[in-house]
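Enquirer: The sequence and its predicted three-dimensional model are supplied below.
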Protein chains: 2
Amino acid sequence: MRRDIFQAIADPTRRAIIILIASQAMTPNAIADNFNTTRQSVSKHLRILTECELVKQEQQGREIYYSLELEKMKEIDKWIEQFRKIWETRFNQLDKVLSTLKKQKK
Amino acid sequence: MRRDIFQAIADPTRRAIIILIASQAMTPNAIADNFNTTRQSVSKHLRILTECELVKQEQQGREIYYSLELEKMKEIDKWIEQFRKIWETRFNQLDKVLSTLKKQKK
DNA sequence: TATATTTGCAACCGATTGGTTTCACAAATA
DNA sequence: TATTTGTGAAACCAATCGGTTGCAAATATA
């Protein structure tokens, strides 16, 4: 049962849960109210998100508040960064071409 | 058969293929040489990547060169951006707290 | 022309997925 | 104390996944 963040964010419901709890901690019931599915299903998603440490829980009486582990999201950002570098390079190259054309016009 | 980029990058082999062809176009055979799997398996991954427009192909004789559709990668970056905003906000808040503490020291 | 190479596609397989139903337990409330 | 509420976990199910094998078609090469 190996969990990784990329597999975690592959599911649209889980992505919606992540956005939902990004700004404030919520209980499983409160989260489930926002979706067209059962509480148990949401609970399963929360388990997966917890397993890959994208989400942390805080018990409060019989209620459990789930919130986003923001730092973990940076791992996805880190992977994307290498492509961001490539498209910035290409943009610079385009920029160079454009300024060369401009000079030729003068 | 709904394909979306998040499901596409969920698989580690597909992520590796994406990185592999990011800098240069490659044939299925050449790609498969880099993995411990069959050419047909890579072909299937390429089909999935093509279906969600993350990859484009260019026929050259009997060879087909696959390359990354860099622009499409920005869709993931776009989704991550909302979290980047949050962690920048939190950083600014921390910055504010620190400067307040500094003023109090004076 | 005969043969080798490159490739996509279909059929099949075991494992995994996301969902439901059912149950058990702990905490709050009557 | 008896009941309601909030939750996790197990058992089950159809659908999908990633992989393999085998085949057909097109292009290159002898």
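Expert: Right, received. Where do you want to start? Numbering: from 1, shown residues only, chains lettered A, B, ... in the order given.

Enquirer: check contacts around the residue positioned nearest the centre of chain A.
Expert: Nearest residue to the geometric centre of chain A (C-alpha atoms, centre = their mean): A:M73, 5.5 Å. Listed by C-beta atoms under 8 Å, 6 or more residues apart in numbering or on different chains, the contact set of A:M73 reads A:I5, A:I18, A:L54, B:I80, B:F83, B:W87. C-betas here are computed from N, CA, C, even on glycine.

Enquirer: switch the cut-off to 7 Å
Expert: B:F83 (C-beta atoms under 7 Å, 6 or more residues apart in numbering or on different chains).

Enquirer: A:W87 too?
Expert: A:W87 touches B:L70, counting by C-beta under 7 Å, 6+ apart.

Enquirer: Buried residues in the helix or strand containing it, which are they?
Expert: Using DSSP states H and E, A:W87 sits in helix A:70-105. In terms of neighbour count (16 or more other C-beta atoms under 10 Å in any protein chain shown), helix A:70-105 has its buried residues at A:K72, A:M73, A:K74, A:I76, A:D77, A:W79, A:I80, A:F83.

Enquirer: so how far is B:S41 from the residue lying closest to A:A22 once chain neighbours are set aside?
Expert: Using C-beta to C-beta, 6 or more residues apart in numbering or on different chains and skipping the chain neighbours, the partner closest in space to A:A22 is A:L68 (4.8 Å). Separation of A:L68 from B:S41 (C-beta to C-beta, to the nearest Å): 35 Å.

Enquirer: These two: which has the busier surroundings?
Expert: Set side by side, A:L68 and B:S41 show more neighbours around A:L68, with 22 against 13, by other C-beta atoms under 10 Å in any protein chain shown.
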